[in-house]
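# how would this look folded up:
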Amino acid sequence: MRDAPTRRKQPHELRSHRWFGVDDLRSFGHRSRLLQMGLSEEDFRGRPVIGIINTWSELSPCHIHFRTRAEEVKRGVLQAGGFPVELPAHPVTEQYMKPSSMLYRNLLAMETEELARSQPCDGLVLLGGCDKTPPALVMGAISAGLPFAFVPAGPMLRGAWRGNTLGSGSDVWKYHAELRAGNITPAQWKDMEGGIARSFGTCMTAGTAATMMLAVEALGFTLPGASSIPAADAAHPRMATATGRRIVEMVWEDLTPARLLTQGSIDNAVAAAMAFGGSTNAIPHLIAMARRAGLVLDLERFDAIARRVPLIADLRPNGDTFLMEDFHYAGGSRAFLGRIAPFLDLAARTITGSTLGDDIAGAEVFDDRVIRPLDNPLQPESGMAMLRGSLAPNGAVIKTAAADPALLVHTGPAVVFENYADLKKRLDDPALDVTAASVLVLKQGGPRGAPGFPEWGMLPLPKKLLEKGVRDMVRISDARMSGTSYGTCVLHVAPESAVGGPLALVRDGDLISLDVPNRRLDLLVDDAEMERRRAAWQPAPPRYARGWTKLYIDNVTQADEGCDVRFLEGTEATPEPDIY
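Below is the predicted model of the structure:
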């Protein structure tokens with residue numbers, strides 16, 4: 001149930017009162033400029049000002065409906081007596097940004113915080129969904145400290161091609177391997193382009209977007225059930241309008257993130273991502289979000305939760321059949337969270353003003369094939385494992401749910417690529433000394449090395465092995481991979497090669513041991529040889545001398561620390577802007 005009502009704010013206590021409610025020269029100017037836009041004082045004075053931070057862009061197909069959704073949020077804000085203002089923000093998208101959208105996650109987080117700080121906002125509605133926007137928006141809003149609610153973009157409709165159901169991302173990798181192996185024609189591959197993404201919305205597999213939207217709901221910052229609604233479903237605009245109504249009440253209730261977020265909230269988000277079999281990208285994102293709130297989250301805590309939570313969402317790429325549309329109509333995020341309730345802190349508060357337990361009470365699962373019972377999981381442990389060892393002293397990650405079980409304990413010789421350009425140049429060379437037992441190693445894919453921590457970690461397999469029927473190998477890098485990807489890919493190796501981590505010292509032929517049950521990743525080279533290599537190692541010369549990329553490289557933390565920029569971490573409050 002909701003907490004007992006607390007004292008509601010009075011209009012003169014609104015943050016926006018400093019802009020619009022004071023009788024001085026500055027407020028005269030602020031009011032006159034709104035009047036200049038055709039508004040009357042009754043539209044804004046004494047009303048909560050709600051900043052709608054919109055990541056819409058014509059180069060963001062996942063968010064192309066946000067121009068409309070922003071209007072639907074405004075409708076709800078007006079219904080509840082607020083004053084909505086739309087604030088465009090950096091549209092961090094997966095599809096077109098080079099070298100990596102992850103390079104810009106922290107820029108959007110900083111922009112979100114500064115928009116909230118510098119403008120006359122009393123509360124925020126965040127419009128995001130494509131992979132990096134949920135963590136970026138939430139990171140910035142946590143740091144800003146204003147009441148906020150998140151409107152998830154929602155997954156797109158199922159893909160369809162020649163009688164087959166397609167999942168964005170996952171089936172791209174699958175069929176591209178078959179194209180390279182000669183099992184489908186270039187014409188068939190081209191024909192697939194029009195069927196794999198059939199509507200606005202995010203990837204409809206259990207990729208990063210679906211994972212992070214679900215995690216934000218489990219964290220308590222969406223309306224119940226919001227994260228799984230398909231983008232094209234009529235329930236989606238209704239949810240947007242309801243969020244607009246709710247944020248106005250949150251302002252009057254002063255329901256700030258500091259009053260909602262607890263260690264239990266963070267653990268709930270981790271448990272949801274783990275039971276969902278979600279993207280490995282959730283790990284640095286959730287660590288960064290927790291650190292913004294001053295809460296504890298590291299790889300050890302992740303692994304402890306991962307070991308006790310079963311994987312119950314049978315979705316691609318972990319399963320073979322179902323997609324997010326099926327997940328929603330099987331009961332959706334409320335039913336999923338209800339099913340894993342034994343692993344959640346049900347007393348954690350949410351933006352409804354109630355607890356997570358109250359929000360999911362009575363939710364039903366309508367298809368046990370999609371959201372499995374706890375006694376019949378897809379895996380008894382969640383789909384991820386955190387590794388340590390001589391090759392990853394500060395940690396690495398593997399998505400076990402999408403890996404070949406036969407490769408989870410494996411020792412093989414390294415085939416080393418010094419960077420992504422080297423990989424593209426030599427991977428399909430018939431003379432490459434590689435077998436199915438080899439371990440493919442990619443360097444310079446980390447936060448600083450690439451730069452921007454790109455999704456290079458699902459290294460493609462050599463063509464000559466694909467032609468022999470090989471479909472998985474152990475692959476190791478300091479990069480990330482798409483949440484829609486699959487394979488025995490060890491990711492996020494820390495420290496990264498660009499800063500001299502052990503990965504930088506690996507050479508062709510070195511034996512590498514992967515032992516997932518014992519959470520180990522080791523380079524089987526003796527200490528004396530490693531010291532000789534370390535003494536000879538030199539970092540690559542800097543490639544960027546200016547702009548955001550320079551600022552990012554100089555300040556970004558490592559994968560195990562969340563890849564935030566150091567000057568944005570922590571809970572120290574940003575001073576309110578002076579009005580003079």
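
# Quick one: low-confidence residue ranges for the stretch 1-150 of the chain.
Scanning the stretch 1-150 of the chain for pLDDT under 70 picks out 1-6.

# now swap in the stretch 451-580 of the chain and tell me
Scanning the stretch 451-580 of the chain for pLDDT under 70 picks out the ranges 578-580.

# Can I get the helix or strand harbouring residue 267 in PDB, CA atoms only?
Taking DSSP states H and E as the definition, residue 267 sits inside helix 263-276. This file holds the C-alpha atoms of helix 263-276, laid out as PDB (Å, rounded to 0.1, in the frame of the first residue of the first chain):
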ATOM      1  CA  GLN A 263      20.200  -1.100  -2.200                       C
ATOM      2  CA  GLY A 264      17.100  -3.300  -2.600                       C
ATOM      3  CA  SER A 265      16.000  -1.300  -5.700                       C
ATOM      4  CA  ILE A 266      19.400  -1.900  -7.300                       C
ATOM      5  CA  ASP A 267      19.400  -5.600  -6.500                       C
ATOM      6  CA  ASN A 268      15.900  -5.900  -7.900                       C
ATOM      7  CA  ALA A 269      17.100  -4.400 -11.200                       C
ATOM      8  CA  VAL A 270      20.000  -6.900 -11.300                       C
ATOM      9  CA  ALA A 271      17.700  -9.900 -10.400                       C
ATOM     10  CA  ALA A 272      15.300  -8.900 -13.200                       C
ATOM     11  CA  ALA A 273      18.000  -8.600 -15.800                       C
ATOM     12  CA  MET A 274      19.500 -12.000 -14.700                       C
ATOM     13  CA  ALA A 275      16.200 -13.900 -14.700                       C
ATOM     14  CA  PHE A 276      15.400 -12.300 -18.100                       C
END
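
# who does that helix touch, helix- and strand-wise?
Packing partners of helix 263-276 (3 or more CB pairs under 8 Å, 6 or more residues apart in numbering; DSSP states H and E): helix 208-219, helix 282-292, helix 299-308, helix 332-339. Backbone N, C-alpha and C define where each C-beta goes, glycine included.

# How about that helix, which residues are buried there?
The neighbour-count check on helix 263-276 (16 or more other CB atoms under 10 Å) flags 264-276 as buried.

# And the next helix or strand past the longest helix along the chain?
Taking DSSP state H as the criterion, the chain has its longest helix at helix 235-253. Using DSSP H and E, the helix or strand that follows helix 235-253 towards the C-terminus is helix 257-260.

# Sort out which residues of that next one are buried, please.
Here helix 257-260 shows 257, 260 as buried, counting by 16+ other CB under 10 Å.

# Hmm, residue 141 is touching residue 257, no?
Yes: the criterion here is CB atoms under 8 Å, and residue 141 meets it with residue 257 at 6.8 Å.

# Now do the shared contacts for these two.
residue 148 (CB atoms under 8 Å, 6 or more residues apart in numbering).

# Point out the most buried one among the helices and strands packed on helix 263-276.
Sort the helices and strands packed on helix 263-276 by mean neighbour count, taking mean count of other CB atoms under 10 Å, and helix 208-219 sits at the top with a mean of 31.

# still on that earlier bit, a markdown table for the buried residues of helix 263-276, including distance to residue 533 and pLDDT?
Shown next, in a markdown table, are the buried residues of helix 263-276 (distance: CB to CB, whole Å; pLDDT from 0 to 100):
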| residue | distance to residue 533 | pLDDT |
| --- | --- | --- |
| 264 | 45 | 98 |
| 265 | 44 | 98 |
| 266 | 39 | 98 |
| 267 | 40 | 98 |
| 268 | 43 | 98 |
| 269 | 40 | 98 |
| 270 | 36 | 98 |
| 271 | 41 | 98 |
| 272 | 42 | 98 |
| 273 | 37 | 97 |
| 274 | 36 | 97 |
| 275 | 41 | 97 |
| 276 | 40 | 97 |
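
# Residue 81: which of these is nearest?
Distances from residue 81 to those, taken as CB to CB, are shortest for residue 265 (28.6 Å).

# Tell me who's in contact with that closest one.
Neighbouring residues of residue 265 by CB under 8 Å, 6+ apart: 219, 220, 345, 348, 349.

# now do residue 475
Applying CB under 8 Å, 6+ apart to residue 475 gives the contacts 439, 440, 441, 442, 457, 458, 459, 487, 488, 489, 490.

# Am I right that it sits in a strand?
Yes: using DSSP: H, G, I helix; E, B strand; the rest coil, the secondary structure at residue 475 is a strand.

# Identify the bridge partners of it.
Legend: beta-bridge partners of residue 475 under DSSP bridges are residue 440, residue 489.

# And for residue 485, nearest residue in space, chain neighbours not counted?
residue 458 (4.1 Å; CB to CB, 6 or more residues apart in numbering).

# Tally up the residues packed near that neighbour, please.
22 (other CB atoms under 10 Å).

# before we move on, what about residue 421?
Residue 421: 10 neighbours (other CB under 10 Å).

# who's in contact with the helix or strand hosting it?
Secondary structure from DSSP H and E places residue 421 in helix 420-426. Here helix 420-426 makes contact (CB under 8 Å, 6+ apart) with 417, 432, 442, 444, 445, 450, 454, 456, 459.

# quick one: the second one from residue 461, how far?
The spacing between residue 432 and residue 461, counted by CB to CB, to the nearest Å, is 11 Å.

# More neighbours: which of the two?
More neighbours surround residue 461 than the other of residue 432 and residue 461, with 22 against 14 (other CB under 10 Å).

# that older thread, ok, the residue nearest to residue 485 to residue 32 distance?
Distance of residue 458 to residue 32, computed by CB to CB: 56 Å.

# Then residue 38?
From residue 38 to residue 32 the distance is 12 Å (CB to CB).

# What of residue 162?
Computed as CB to CB, the residue 162 to residue 32 distance reads 62 Å.

# could I get the buried residues of helix 263-276 as CSV with distance to residue 362?
Formatted as CSV, the buried residues of helix 263-276 follow (distance: CB to CB, whole Å):
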residue, distance to residue 362
264, 21
265, 22
266, 25
267, 23
268, 18
269, 22
270, 25
271, 20
272, 18
273, 24
274, 24
275, 20
276, 21
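
# Looking at those, which is nearest residue 292?
Nearest to residue 292 among the buried residues of helix 263-276: residue 266, at 10.7 Å, using CB to CB.

# Now for that closest one: which residues touch it?
219, 286, 289, 290, 293, 295, 296, 297.

# how about 10 Å then?
Counting by CB atoms under 10 Å, 6 or more residues apart in numbering, residue 266 touches 215, 218-219, 286-287, 289-290, 293, 295-297, 301, 305, 345, 348.

# What of residue 52?
66, 69-71, 73-74, 77, 84-89, 121, 123-127, 151, 240, 243-244, 247.

# With residue 476 instead?
Neighbour list for residue 476: 387, 391-392, 396, 398, 414, 416, 439-443, 457, 459, 488-491, 493, 503, 506, 512, 514, 521, 523 [criterion: CB under 10 Å, 6+ apart].
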